[in-house]
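Asks: need a structure here:
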Amino acid sequence: MSSCLQGWCAFWRTTPLKVAPAARRRTRLGVLRPGQRGQATVEFALVLPFVFVLLLLIVQLGFVMRDYVRVAHAAREAARAASVDPSNDRARDVVEHLLGDAIVTVDRSGGIGDPVTAWVTFTSRTEVPIIGALLPDVTIDDSITIRAEQE
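Replies: The predicted structure is shown next:
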């Protein structure tokens, strides 16, 4: 071989090959291989329904927690109303105004200064689409005891 040809071969062995721009496309994790260009789209399409159901489950949990706070407030107001009204009609009216279709039970034993307990039971409906069909309705109970102010 001639020295010129040997020099040419040495040049090609030490010089890196230039890659075409289409082959240099990269993802965050590495070089795209042939046949992987739609893989991220397919993975997203497979995971999206689970993420959507999880989001709806979080929304339903928020509604149940809201109803829990409403029941606690209604029980407190019912106990307060029962402490000043011996007939307990005012306690039932207060809970009906706050919650609608809740069950109210008032236990009043004794006179002024004795405990008055109000129990409120409410069924929180699971009506969020998809989740409502998967989960049963949630029953929330709360009770408050305070002292009677009137007989």
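Asks: tell me which strands and helices the helix or strand where Val116 lies is in contact with?
Replies: Using DSSP states H and E, Val116 maps to strand 115-124. Applying 3 or more C-beta pairs under 8 Å, 6 or more residues apart in numbering; DSSP states H and E, one finds that strand 115-124 contacts helix 39-84, helix 89-99, strand 103-108, strand 138-147. C-betas here are computed from N, CA, C, even on glycine.
Asks: give me the low-pLDDT residue ranges for the protein?
Replies: 1-36 (pLDDT under 70).
Asks: What pairs with the strand holding Val116, parallel or antiparallel?
Replies: The pairing partners recorded for strand 115-124 under DSSP bridges are strand 103-108 (antiparallel), strand 138-147 (antiparallel).
Asks: Tell me which of the ones you listed sits most buried.
Replies: Ranked by mean neighbour count, the strands paired with strand 115-124 are led by strand 103-108 with a mean of 18 (mean count of other C-beta atoms under 10 Å).
Asks: Which residues does that one contact?
Replies: For strand 103-108, the surrounding residues in contact (C-beta atoms under 8 Å, 6 or more residues apart in numbering) are 78-79, 82, 86, 88, 91-92, 95, 114, 116-122, 148.
Asks: Would you mind measuring from the residue nearest the centre of the chain to Val69?
Replies: Nearest residue to the geometric centre of the chain (C-alpha atoms, centre = their mean): Ile58, 1.3 Å. Ile58 is 17 Å from Val69, where distance means C-beta to C-beta, to the nearest Å.
Asks: returning to what we had before: quick one: which of the helices and strands packed on strand 115-124 is nearest Thr126?
Replies: helix 39-84 (5.8 Å; C-beta to C-beta).
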